[in-house]
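> Whatever this is, show me its structure:
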Amino acid sequence: MRGVARPGVTLALVPSYRLIDMAGSEIGIIEDDRERIELDDEVALPEGGTGTVADVYDDEFGQEGGVAATLAVDDGSPQD
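Numbers count the residues shown, from 1 in each chain. The predicted model follows:
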């Protein structure tokens, strides 16, 4: 049956995060099953590789669009 909860079955929601680069441009949206992502944590980038979290925006603006937070990530791209 679709759309009907079954007794004893718990659906786990995986949080999604918006990634932005250091200039503020959106990199993409990722899902990560960690309970919380903090400064200096490594995250997987949508196009492959990893980036280091430089800032976490988890206020109402950072959660816009239904994400758990917006993460500013140092993805190694050159800064202008």
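
> Pretty sure residue 38 sits against residue 53.
Yes: Residue 38 lies in contact with residue 53 (CB atoms under 8 Å); the separation is 6.9 Å. Placement of C-beta: from N, CA and C, glycine included.

> neighbour count winner among the two?
Taking other CB atoms under 10 Å, residue 38 and residue 53 do not tie; residue 53 has more neighbours (19 against 10).

> which residues touch that one?
Residue 53 makes contact with 37, 38, 39, 40, 41, 42, 43, 71, 72, 73 under the criterion CB atoms under 8 Å, 6 or more residues apart in numbering.

> mind running it again at 10 Å?
Residue 53 sits next to 17, 19, 37-43, 69, 71-74 when contact means CB atoms under 10 Å, 6 or more residues apart in numbering.

> what's around the nearest residue to residue 30 once chain neighbours are set aside, how many residues?
In space, and not counting its chain neighbours, residue 30 is closest to residue 17: 5.5 Å by CB to CB, 6 or more residues apart in numbering. When neighbours are counted by other CB under 10 Å, residue 17 registers 23.

> Quick check, residue 17 in contact with residue 43.
Yes: taking CB atoms under 10 Å as the definition, residue 17 is a contact partner of residue 43 at 7.3 Å.

> shared neighbours, the two?
With CB under 10 Å, 6+ apart as the test, residue 17 and residue 43 both reach 30, 32, 34, 37, 53, 71, 73.

> Mind telling me what element the residue nearest the centre of the chain is part of?
Nearest to the geometric centre of the chain sits residue 17, at 1.9 Å (CA atoms, centre = their mean). Element membership of residue 17, judged by DSSP states H and E, is strand 16-20.

> And that strand, what does it pack against?
When contacts are defined as 3 or more CB pairs under 10 Å, 6 or more residues apart in numbering; DSSP states H and E, strand 16-20 sits against strand 26-31, strand 42-44, strand 50-57, strand 69-74.

> ok so, going back, ok, now which ones touch the residue nearest to the centre of the chain?
By CB under 10 Å, 6+ apart, the contact list for residue 17 reads 28-32, 34, 37, 43, 53, 56, 58, 62-63, 67-71, 73.
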